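1. let's see this in three dimensions:
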Amino acid sequence: MSTFTAVASAGAVATVDGAAIQGDDTGVFFVNGGELAEQFTVELTLTTYYGEIKIDDVPFLVVAR
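-> Residues are numbered from 1 along each chain as shown. Got it, this is the predicted structure:
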């Protein structure tokens with residue numbers, strides 16, 4: 001079974017939860033909160049059934065809605 005995690009960078013006010021694999025090949029997660037103009041990254045880690053590890057960072061910027 002593959003695993004997927006998503007973690008906000010240290011010091012971020014925003015939080016990340018609900019990380020899950022959807023279908024066979026899609027990772028999903030939710031970003032909550034944060035302060036206006038806050039910049040942070042979310043580190044995504046996917047470990048496949050065969051033990052292969054893929055790590056990627058996604059940048060975020062909190063804006064007014």
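2. drop to CA atoms for contacts and neighbour counts, all remaining ones
-> Fine.
3. next one: phi and psi at the closest residue to G27 other than its chain neighbours?
-> Using Cα to Cα, 6 or more residues apart in numbering and skipping the chain neighbours, the partner closest in space to G27 is I21 (4.5 Å). Here the main-chain torsion angles of I21 (degrees, to the nearest 10) amount to phi -100, psi 130.
4. was I right to think I21 contacts V28?
-> Yes. Because the distance of 6.3 Å satisfies Cα atoms under 8 Å, I21 is recorded as touching V28.
5. tell me how far stretch 19-33 lies from the chain's centre.
-> Chain-centre distance of stretch 19-33: 8 Å, with Cα atoms, centre = their mean, to the nearest Å.
6. pretty sure T47 sits against A6.
-> No. Applying Cα under 8 Å, one finds T47 not in contact with A6, separated by 12.0 Å.
7. can you list contacts of stretch 49-60?
-> Residues from elsewhere that reach stretch 49-60 (Cα atoms under 8 Å, 6 or more residues apart in numbering): 1-3, 39-47.
8. could you check how far the residue nearest to G27 is from V63?
-> Going from I21 to V63 by Cα to Cα, to the nearest Å gives 27 Å.
9. which one of these two is surrounded by more residues?
-> Set I21 next to V63 and count neighbours by other Cα atoms under 10 Å: I21 wins out with 16 against 11.
10. okay, and P59 sits in which element?
-> Counting by DSSP states H and E, the element that carries P59 is strand 53-61.
11. name the element the most far-flung residue of the chain relative to its centre belongs to?
-> Within the chain, the residue lying farthest from the chain centre (Cα atoms, centre = their mean) is Y50, at 21.6 Å. In the assignment (DSSP H and E), Y50 maps to no helix and no strand.
12. and it, how close does it get to A20?
-> Applying Cα to Cα, the value for Y50 to A20 is 18 Å.
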